[in-house]
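>>> Sharing a model prediction with you, sequence too.
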Amino acid sequence: MTAIPQTPGPVVPDVAPATLRSRHLLGIDGLDAREITLILDTAEAMKEIGTRSVKKVPTLRGRTVVNLFFEPSTRTRTSFEVAEKRLSADTLSIATATSSVTKGESLIDTVRNIEAMAPDMIVMRHASSGAPHLLARMCQSAIVNAGDGMHEHPTQALLDAFTIREHKQRLAGLKIAIIGDLLHSRVLRSNLLLLKMMGAEVWTCGPATLLPQGIGQMSAHVTTRIDEALDGADVVMMLRIQQERMHGHFIPSVREYFSLFGLTRERLRRAAPDAIVMHPGPMNRGVEIDSEVADGPGSVILEQVSNGVAVRMAVLYLLAGREAGGEG
Amino acid sequence: MPQVMDADRMSRALTRIAHEILERNRGLDELALVGIRTRGVPLARRLARSLKEINGDEVPTGVLDITLYRDDLMRHPVGPQPVVRSTEIPFSIDNRKILLVDDVLYTGRTIRSALDALIDFGRPRGIQLVVLIDRGHRELPIKADYVGKNLPTSLKQSVQAPTKS
């Protein structure tokens, strides 16, 4: 027990200070491994709050968060709303179907009007890649990207990583197979960036018509044969066939796709015996994944959803602490 | 750095506090210890051990992280933010007498946060405060029930209490 001189002030926490560098979360691109670990560690503490009888802490009391969804979403929007409410933020959700966007208002005008009501954070989803980046440049509020076009969906990649870490206790060195519509998937892009940074070995697999350009640089192995991707995999991540983004013919038919790329119990036997099966949702049962697998023993699909709340709480908390900072 | 308490004195103080707890509560029924992260946690464990040595009964012991309840969280312009860690209270606090344990009592703000956090877990019959060091300079009307040592300090000083579990 010792007494040393120190400047007066509030009690300084005796844990290592840690913070995010940016006040926005626009993508995994822009985060480093330390920041990702910080978010995942914080999410672990947040998860405990969801197990209490009073599932609420006062941390973001008096803060306003606007959820601005220009694209349909059930899971992500609900998950953000639950996360915000558990942190005691005031939240409002705007879905474009009921907003003035249908009257022809531009993105910038809509957001300027929302900004005039001084929210602290805007969680947004938009069909155009880069829309949140545009807003981050012109807004006072912190922007959280909840999915932009075919670009990124950072909180999904973070909750996937959280779920994998919970089951495998690590990310580095795991064989992770990502299978499905690689071309239209923002989940893929965010996951590839994150998993590569954290040292996982990622195999991507999909029909040749759905392989994005340059996938070879982002992913360690690219294949069109699902068995090759599944062989010994620790984690199998299935991606949805995004018919709403397919303006053209990418697959001959849903049945043919299922027979070549659908995840069935027989195919899954090639993966490691303790492999986990993931899907970001919404699932097309019988298209990319068989019901038997989706509801089977290795499936962690619903865990992903509950973990999503904890991860989003962590992101909101960490960004709120950064909020008063300068440009980011 | 003057030393005001060595390992022996610390352990004698904890034993004395354990006896005081037993005396004031007439036994260990319905008592539970909750240590405030970080330094209150090993102290709570040591108190649990002392109580068991004296009385033979196991006292449930939990860990409380108050980060999300702090009143100074968003007040740093460019924050160093404290890391949030998990709270582990593996028993119901309803109708129990809770002994809240921390190392140093100073402004009282940590305890204020801890009281808010605890009450979100249920409705304890009562909460009593145990601190190893009371250094004064309260900013809130909070008082400890059990004190290891009163240590008059100036605002310019800092008190460190390294503890072993």
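Done, it's in. Numbers count the residues shown, from 1 in each chain, chains lettered A, B, ... in the order given.

>>> which intervals of chain B have sub-threshold pLDDT?
For chain B, residues meeting the criterion pLDDT under 70 lie at B:73-80, B:165.

>>> scratch that, the stretch 201-328 of chain A is what I was asking about
A:247-248, A:323-328.

>>> Just the strands from it, written as ranges.
Using DSSP state E, counting those that start in this stretch, the strands of the stretch 201-328 of chain A run over residues A:201-205, A:221-223, A:235-238, A:276-278.

>>> Next, format these as JSON lines and append mean neighbour count and distance to chain B.
Glycine gets a C-beta too; all of them are placed from N, C-alpha and C. Output for the strands of the stretch 201-328 of chain A, formatted as JSON lines (neighbours: other Cβ atoms under 10 Å in any protein chain shown; distance: least, Cβ to the nearest Cβ, whole Å):
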{"stretch": "strand A:201-205", "mean neighbour count": "22", "distance to chain B": "29"}
{"stretch": "strand A:221-223", "mean neighbour count": "17", "distance to chain B": "36"}
{"stretch": "strand A:235-238", "mean neighbour count": "26", "distance to chain B": "24"}
{"stretch": "strand A:276-278", "mean neighbour count": "23", "distance to chain B": "23"}
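
>>> C-alpha coordinates for stretch A:82-91, CSV please?
Extracted as CSV, the C-alpha positions of stretch A:82-91 are listed here (Å, rounded to 0.1, in the frame of the first residue of the first chain):
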residue,chain,number,x,y,z
VAL,A,82,-32.5,-4.7,-29.3
ALA,A,83,-28.9,-3.8,-28.8
GLU,A,84,-29.7,0.0,-28.6
LYS,A,85,-32.5,-0.6,-26.2
ARG,A,86,-30.4,-2.8,-23.9
LEU,A,87,-27.9,0.0,-23.7
SER,A,88,-30.8,2.4,-22.9
ALA,A,89,-30.4,4.6,-26.0
ASP,A,90,-33.5,6.3,-27.5
THR,A,91,-34.1,4.7,-30.8
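
>>> Go ahead and report the secondary structure state at B:Ala117.
helix (DSSP: H, G, I helix; E, B strand; the rest coil).

>>> number of nearby residues for it?
23 (other Cβ atoms under 10 Å in any protein chain shown).

>>> residues in contact with it?
When contacts are counted by Cβ atoms under 8 Å, 6 or more residues apart in numbering or on different chains, B:Ala117 touches A:Val57, B:Leu64, B:Asp65, B:Ile66, B:Leu68, B:Tyr69, B:Thr87.

>>> Taking the residues you listed, tell me the two that lie furthest apart.
A:Val57 and B:Leu64 (12.1 Å; Cβ to Cβ).

>>> Check which element follows the top helix by length along chain B along the chain.
Ranked by number of residues, the top helix in chain B under DSSP state H is helix B:7-25. The helix or strand immediately downstream of helix B:7-25 is strand B:31-36, counting by DSSP states H and E.

>>> How about that following strand and chain A, any contact?
No: using Cβ under 8 Å from any Cβ of the partner chain, strand B:31-36 never reaches chain A; the gap is at least 11.3 Å.

>>> Listing partners with orientation, what would you give for that strand?
With DSSP bridges as the test, strand B:31-36 is paired with strand B:61-64 (parallel), strand B:97-105 (parallel).
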